[in-house]
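Engineer: missing the sequence, but the structure's below:
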């Protein structure tokens, strides 16, 4: 497994699949690159579709997850963005498209604002500008997720991620979005704090890359009301809401979401 070295010396594991224009895929809180397993091939297949360029996809294991180092020190979403830059540097990629979902969308906001020269187009999925200016999830949801009863927490998370109909049709998954089971408890807590403390509101107007904001209308994990807030705050951003989709819209509603993202990434400049 190749690694990049972050500014503080932390080793960040990354994965590259396919060939072609680079697309960075950023996963959610306390998850590693497997978050994207169910849909990654959608972006590789783009090159086989008439009129679409071939793409490579780049993922990473956040510090604290997967094969990356797991320092027991504070993590921040802006710091995670610097880890992404370290991966791009290790690969010799000057500029890439970036698609971040959930906490990955928080990180992508910092990338777009603080490293505009590295981001060609930006997609922010099921994410938030931060609770200070955004809409926080219901406290009852947070309490259930924090339950000491593992079964309760898992059932709550599945319900937030997928619709009842999808869960009925997929009683055994696969579920790639429930977190890295091998994370040390301290790293899990540090990921949670990084997400909770995210606040990119002041820098959002500095994003210059064409931006698409995507959200499921039934998302209660990151409430859907955050999507129009982001879209209004980022100059020229587009907004697309997927009816009835929950937090893992990119998985359950992949037949809508993946073409939507590809159409945006493939659009001519200025379109």
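Structural biologist: Happy to help now that I have it. Just so it is clear, the model here is predicted, and its values are computed rather than measured. Numbering: from 1, shown residues only.
Engineer: Residue 109 and residue 81, how far apart?
Structural biologist: Distance of residue 109 to residue 81, given as Cβ to Cβ, to the nearest Å: 8 Å. Every residue, glycine included, has its C-beta placed from N, CA and C.
Engineer: which residues of the stretch 101-250 of the chain fall in strands?
Structural biologist: According to DSSP state E, counting those that start in this stretch, the stretch 101-250 of the chain carries its strands in the segments 119-125, 211-216, 238-242.
Engineer: can you redo those strands as TSV with mean neighbour count and mean pLDDT?
Structural biologist: TSV is the format used below for the strands of the stretch 101-250 of the chain (neighbours: other Cβ atoms under 10 Å; pLDDT from 0 to 100):
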stretch	mean neighbour count	mean pLDDT
strand 119-125	26	98
strand 211-216	26	98
strand 238-242	17	98
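Engineer: May I see those arranged in JSON lines, with distance to residue 21 as well?
Structural biologist: Output for the strands of the stretch 101-250 of the chain, formatted as JSON lines (distance: least, Cβ to Cβ, whole Å):
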{"stretch": "strand 119-125", "distance to residue 21": "8"}
{"stretch": "strand 211-216", "distance to residue 21": "16"}
{"stretch": "strand 238-242", "distance to residue 21": "20"}
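Engineer: ok, residue 109 and residue 81, which is more surrounded?
Structural biologist: For residue 109 and residue 81, the more surrounded residue by other Cβ atoms under 10 Å is residue 109, and the numbers stand at 32 against 25.
Engineer: Show the model's pLDDT score for the more buried one.
Structural biologist: Residue 109 is assigned a pLDDT of 98 by the prediction.
Engineer: swap in residue 138?
Structural biologist: According to the predicted model, the pLDDT of residue 138 comes to 87.
Engineer: For the closest residue to it other than its chain neighbours, list the residues it contacts.
Structural biologist: In this structure, residue 138 finds its nearest non-sequential neighbour in residue 220, 6.7 Å apart by Cβ to Cβ, 6 or more residues apart in numbering. In this structure, residue 220 makes contact with 137, 138, 141, 160, 246, 247, judged by Cβ atoms under 8 Å, 6 or more residues apart in numbering.
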